[in-house]
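1. have a look at this fold, sequence not included:
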């Protein structure tokens, strides 16, 4: 039992390292789109991006409390601590509308990514 | 106040559900001494949640971009593995008569295997815990503007989830052993299937698995962000807009694990003592 547990732990760690590598390796050249959170709102309602190309959302939280970027599809949840900037890599999207919210203030913090 | 209540209740519900099931399981099989593993596991999960909630504020750069995602995905898949194992263990026990079961539990105790329930409690609390801590912290930090009603709502949501866990624990005690085992095995299986599919969805969001459009939408009927939808999501992995990888993961898990758990009934059945006429 213990040996099995150790082995599965090792496999998991290896898989995660691989994933980290995969995620980390991409993104250097991807276009960036800035997004600012202030007073529990996003500074824009629509972010236009190119369809079929991955990009990076650079989200800055200027509020005193943390916020969570929450997109249902593709499922991305990312906490942005107070006063911090987080780079969220978004995979290539087909043309369409992709709404997202700041989960901690979902009534006010709403916007949409439009891929064209 | 209402909004924060819904958020924390939704986040804490699944942990309460799992803790309720695990406690009543131990009670049922006469292993009350295993309670301390669950309690410690849950408390450690809470500590880790606070630690991560606070720690995330000190991270920056790539560590902040990737670290929390990796931790979340690891915890999700670890929870799936542990819950599957627990369901399998319960299913094994369900086939035993009382004396045999006591024997198995004693074996588990001697082999120090009861700590696994502690690990289950840990992952259950830690999975949504850090998020809940951050959320509560956020509303406290902004209480000046948002009003203390939000804080009260948030705390009440967690408390309400705890009460639900307690009700499950009490309810579990009134069920007969075979009924309890079959019901909770099915519940844990569906819960783990939902977790597994959400883990797969996360991998999609991280760019590791392909992204696809939702196959259908039942948002008009019941959003998974609503209170009832949130309950169903914690309970059986309800999604109002599931994508293909999520559906494949969910159905695949239910089929594979369901077969493992329920299809081997016949070969392991204890043969009835046949009256011998010699």
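-> Yep, it's here. Everything numeric here is computed off the predicted structure, so don't read it as measured data.
2. ok now do residue 30, which residues does it touch?
-> All of this refers to chain A. A:53-56, A:89 (Cβ atoms under 8 Å, 6 or more residues apart in numbering or on different chains). In this view, the C-beta of every residue, glycine as well, is placed from N, C-alpha and C.
3. could you do chain B instead?
-> B:102, B:105.
4. so residue A:79 versus residue A:42, what's the distance?
-> 15 Å (Cβ to Cβ, to the nearest Å).
5. between these two, which is the more surrounded one?
-> residue A:79 (27 against 23; other Cβ atoms under 10 Å in any protein chain shown).
6. show me where pLDDT drops low in the stretch 51-200 of chain B?
-> The model of the stretch 51-200 of chain B has pLDDT under 70 over residues B:97-98, B:111-112, B:143-147.
7. where along it do the helices fall?
-> B:62-94, B:98-110, B:115-141, B:143-146, B:148-174, B:177-205 (DSSP state H, counting those that start in this stretch).
8. deepest-packed of the ones you listed, please.
-> helix B:115-141 (a mean of 23; mean count of other Cβ atoms under 10 Å in any protein chain shown).
9. tell me what that helix is packed against?
-> Judged by 3 or more Cβ pairs under 8 Å, 6 or more residues apart in numbering or on different chains; DSSP states H and E, helix B:115-141 is in contact with strand A:67-71, strand A:76-80, helix B:2-28, helix B:35-55, helix B:62-94, helix B:148-174.
10. say whether chain A is contacted by the last one.
-> No. Helix B:148-174 lies apart from chain A when judged by Cβ under 8 Å from any Cβ of the partner chain; the minimum separation is 10.0 Å.
11. which elements pack onto that helix?
-> Using 3+ Cβ pairs under 8 Å, 6+ apart: helix B:148-174 touches helix B:2-28, helix B:115-141.
12. can you say which of the ones you listed is nearest to residue B:45?
-> helix B:115-141 (2.9 Å; Cβ to Cβ).
13. for the residue of the stretch 1-150 of chain B at minimum distance from chain A, which non-adjacent residue is closest in space?
-> Using Cβ to the nearest Cβ, the single residue of the stretch 1-150 of chain B nearest to chain A is residue B:138, 3.2 Å away. Nearest residue to residue B:138 in three dimensions, chain neighbours excluded: residue A:65, at 3.2 Å (Cβ to Cβ, 6 or more residues apart in numbering or on different chains).
14. ok, that neighbour touching residue B:151?
-> No. Counting by Cβ atoms under 8 Å, residue A:65 stays clear of residue B:151, with 11.4 Å between them.
15. which neighbours do those two have in common?
-> B:139-140.
16. sorry, back to before: please list which of the contacts of residue A:30 are also close to chain B.
-> Restricting the contacts of residue A:30 to those near chain B - Cβ under 8 Å from any Cβ - leaves A:54, A:89.
17. show me just the buried residues among the contacts of residue A:30.
-> Buried subset of those (neighbour count, 16 or more other Cβ atoms under 10 Å in any protein chain shown): A:54-56, A:89.
18. how about residue A:94, phi and psi?
-> Main-chain dihedrals, residue A:94, degrees, to the nearest 10: phi -70, psi 160.
19. dump the helices and strands packed on helix B:115-141 into CSV; add distance to residue B:127 as well.
-> Listed next are those as CSV, based on distance: least, Cβ to Cβ, whole Å:
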stretch, distance to residue B:127
strand A:67-71, 15
strand A:76-80, 12
helix B:2-28, 7
helix B:35-55, 8
helix B:62-94, 5
helix B:148-174, 13
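20. quick one, which of those is nearest to residue B:261?
-> Among these, if distance is taken as Cβ to Cβ, the winner is helix B:62-94, at 4.9 Å.
21. could you figure out how far that closest one is turned away from helix B:177-205?
-> Relative orientation of helix B:62-94 and helix B:177-205, computed by axes from the mean of the first three to the mean of the last three Cα atoms, to 10 degrees: 160 degrees.
22. could you check how far helix B:62-94 is from the centre of its chain?
-> 9 Å (Cα atoms, centre = their mean, to the nearest Å).
23. any bit of that helix sitting next to chain A?
-> Yes. Counting by Cβ under 8 Å from any Cβ, chain A has neighbours in helix B:62-94: B:62, B:64-66, B:68-70, B:72-74, B:77-78, B:81.
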